[in-house]
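In: Pasted the sequence and its predicted model underneath.
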Amino acid sequence: MAHIARKASEEDFSRLREKEERKTPPQIPAWKKFRKTLHRLLTGIGSRLAPAKPMPSVVRCAAGELLQPCRGRLIKREQIPDETFAGGLLGDGVGVEPEEGLVVAPCDGTVILVSDTKHAVTLEKDGMEVLIHIGVNTVNMRGEGFTAFVEDGQKVRAGDRLLGFDREAIRKAGHSDTVVMLLTNSGDLEGVECGRK
């Protein structure tokens, strides 16, 4: 008797469910709608954007090459407005007079050190030790106007964001915003060449 009652109640429930489904169309939860809309927007935007122009190679040696770390006008190391950098005491490399306040990785590698004041970062790749320093005497700004997007020990790919900086804040503080990129161990590397190909 109990199994007959159970069967009847299951049939009733099934009929009731079918009736309800005919009355109202199935509802998509709000979060699923949002996710679908966001996905459509992002894939649509992505397909309309042209690929970013790759940075040019600016430092080469037997161990590899380094791409320009930010958009802007490339200058020779000797033109960097700081005697220590210009004189090559910290290694050979280049300077960039930046167009925007963003520094990207010049190669695949590992972040060795991000300075406490976020104005400099050191990377390592296949024996190359790369220092990227934003501005001259900007250590005196004590991190104001600088942002780090990476941390010590992090693996990065060429083009990944490393540091952000406020060019206006650097100028107001009376400093040059020239971005310096040096191979700090250039004396130990063979065939070091600096400048665009």
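Out: Nice, thanks for sending it over.

In: if I look at residue 194, how far off is residue 108?
Out: From residue 194 across to residue 108, the span is 20 Å (CB to CB, to the nearest Å). Backbone N, C-alpha and C define where each C-beta goes, glycine included.

In: Compare these two (neighbour count), which wins?
Out: residue 194 (19 against 15; other CB atoms under 10 Å).

In: Give me the below-cutoff pLDDT ranges for this protein.
Out: 1-53 (pLDDT under 70).

In: residue boundaries of the helices in it?
Out: 2-23, 30-48, 83-86, 167-172 (DSSP state H).

In: Bridging across strands, which residues link to the residue nearest the centre of the chain?
Out: Nearest to the mean C-alpha position of the chain, counting by CA atoms, centre = their mean, stands residue 161 at 1.8 Å. Beta-bridge pairing of residue 161 under DSSP bridges involves residue 104.

In: Can we start the residue count at 329 from this point?
Out: Noted, 329 is the first residue going forward, which turns the last one into residue 489.

In: What are the buried residues along stretch 460-477?
Out: By neighbour count on 16 or more other CB atoms under 10 Å, the buried set for stretch 460-477 is 460-464, 466, 469, 473-474, 476-477.

In: Widest-spaced pair of those residues?
Out: Taking every pair in these and measuring CB to CB, the maximum separation is 22.1 Å, between 464 and 477.

In: And residue 420, how far from residue 502?
Out: Distance, residue 420 to residue 502, by CB to CB: 28 Å.

In: between the two, who's got more neighbours?
Out: Between residue 420 and residue 502, counting by other CB under 10 Å, residue 420 is the more crowded of the two (18 against 8).

In: just checking, that one touches residue 514?
Out: Yes. Contact between residue 420 and residue 514 holds when scored by CB atoms under 8 Å: they sit 4.0 Å apart.

In: Identify the contacts common to these two.
Out: residue 520 (CB atoms under 8 Å, 6 or more residues apart in numbering).
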